[in-house]
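Colleague: would you be able to build a 3D model of this:
(one chain, ligands or ions: 1)
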Amino acid sequence: MRLDVVSIFPEYLAALDLSLVGKAAKSGLLDVHLHDLREWTYDRHRTVDDTPYGGGAGMVMKPDPWGEALDAVAPAAGPSQPRLIVPTPAGRPFTQELAYELADEPWLAFACGRYEGIDARVAAHAAERMRVDEISVGDYVLNGGEVAVLVIVEAVARLLPGVIGNPASLAEESHSGDGLLEYPVYTKPPSWRGHDVPDVLLSGNHKLVAEWRHDESVRRTAERRPDLLAAWGAAVGHKADEVE
Ligand SMILES: COC(=O)COc1cccc(COC(=O)c2cn[nH]c2)c1
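Modeller: The predicted model follows:
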């Protein structure tokens, strides 16, 4: 997979060279290209923003630098186009399902907005030649899209074959299988600062362990994410109120 990221702080994305994503990049599974938006500004101050039409506080990112940056990253005449991802609080929620979808893409490009946002015509114009997804990584506001790109890239890259050592570990994660939250996990020692590992996990009885883990997943989901429990209940035909 090829990844292009355009930002006014490309050094923010240096974290992509670390750990899993860094390993994937070195092994050729990921081909990461970082770009500084100011490369496509030509005034002395390398201006990327201006005041908003219609008034209001803050500044808006000018369309011109973005248009030229995207033309350079993905030439219109090129043999293929990337899928453009624009992190924004106003976007479609990023989910594990969407992560799997993006993991199938051969080429992703990320546009990191700042200030009050990017002139809306940039996404509209890009959509004339590439698929554009405005995506939210959560209901809060960041100063820019860079952190959101790190979140999305990590969630996607770890799904690429060969990036994760043990694919089986992907199957049992929260949000990845049955729609329930993951059960609590433990390792040695069996007793630690007065806290003991649940006996069932030391029993060696795989059936009881599986039952305990399922019950814990349901209990946790009911406690922390009743919205997911309702969806899970509907999906498996249980009435959510059957959960004690
Ligand atoms: C068309 O898209 C844009 O204009 C994007 O513009 C901005 C402006 C400010 C901050 C951000 C970063 O994204 C988030 O804050 C965000 C994403 N998920 N949850 C919070 C992006």
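Colleague: how's the chain carved up into domains?
Modeller: With domains defined by automatic domain parsing, the chain comprises 2-157, 176-236.
Colleague: can you tell me the residue of the protein closest to the ligand?
Modeller: Scanning the chain for the residue nearest the ligand gives G113, at 2.5 Å (criterion: Cβ to the nearest ligand atom). Placement of C-beta: from N, CA and C, glycine included.
Colleague: next SSE after the longest helix anywhere in the chain?
Modeller: The single longest helix within the chain, with elements called by DSSP state H, is helix 206-224. Scanning forward in sequence from helix 206-224 by DSSP states H and E, the next helix or strand is helix 226-236.
Colleague: mind listing what's buried in that next one?
Modeller: 228-229, 232-233 (16 or more other Cβ atoms under 10 Å).
Colleague: distance to the ligand and pLDDT for these - can I get that in JSON lines?
Modeller: Below are the buried residues of helix 226-236 laid out as JSON lines (distance: Cβ to the nearest ligand atom, whole Å; pLDDT from 0 to 100):
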{"residue": "L228", "distance to the ligand": "19", "pLDDT": "93"}
{"residue": "L229", "distance to the ligand": "24", "pLDDT": "89"}
{"residue": "W232", "distance to the ligand": "25", "pLDDT": "90"}
{"residue": "G233", "distance to the ligand": "28", "pLDDT": "90"}
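Colleague: what's the angle between the longest helix of the chain and helix 226-236?
Modeller: 130 degrees (axes from the mean of the first three to the mean of the last three Cα atoms, to 10 degrees).
Colleague: which SS class is R92?
Modeller: strand (DSSP: H, G, I helix; E, B strand; the rest coil).
Colleague: list the contacts for it?
Modeller: Contact analysis of R92 by Cβ atoms under 8 Å, 6 or more residues apart in numbering lists 98, 133-136.
Colleague: quick check: the farthest pair among the residues you listed?
Modeller: Comparing all pairs in those by Cβ to Cβ, the longest separation belongs to L98 and E134, at 12.0 Å.
Colleague: interface residues of the chain facing the ligand?
Modeller: Residues of the chain lying close to the ligand (Cβ under 6 Å from any ligand atom) are 86-89, 113-114, 117-118, 123, 134, 136-138, 140-142, 144-145, 148.
Colleague: need the buried ones from those residues selected in ChimeraX.
Modeller: Buried members of the residues of the chain next to the ligand can be picked out in ChimeraX with the line below, counting by 16+ other Cβ under 10 Å:
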select :86,87,88,113,114,117,118,123,134,137,142,144,145,148
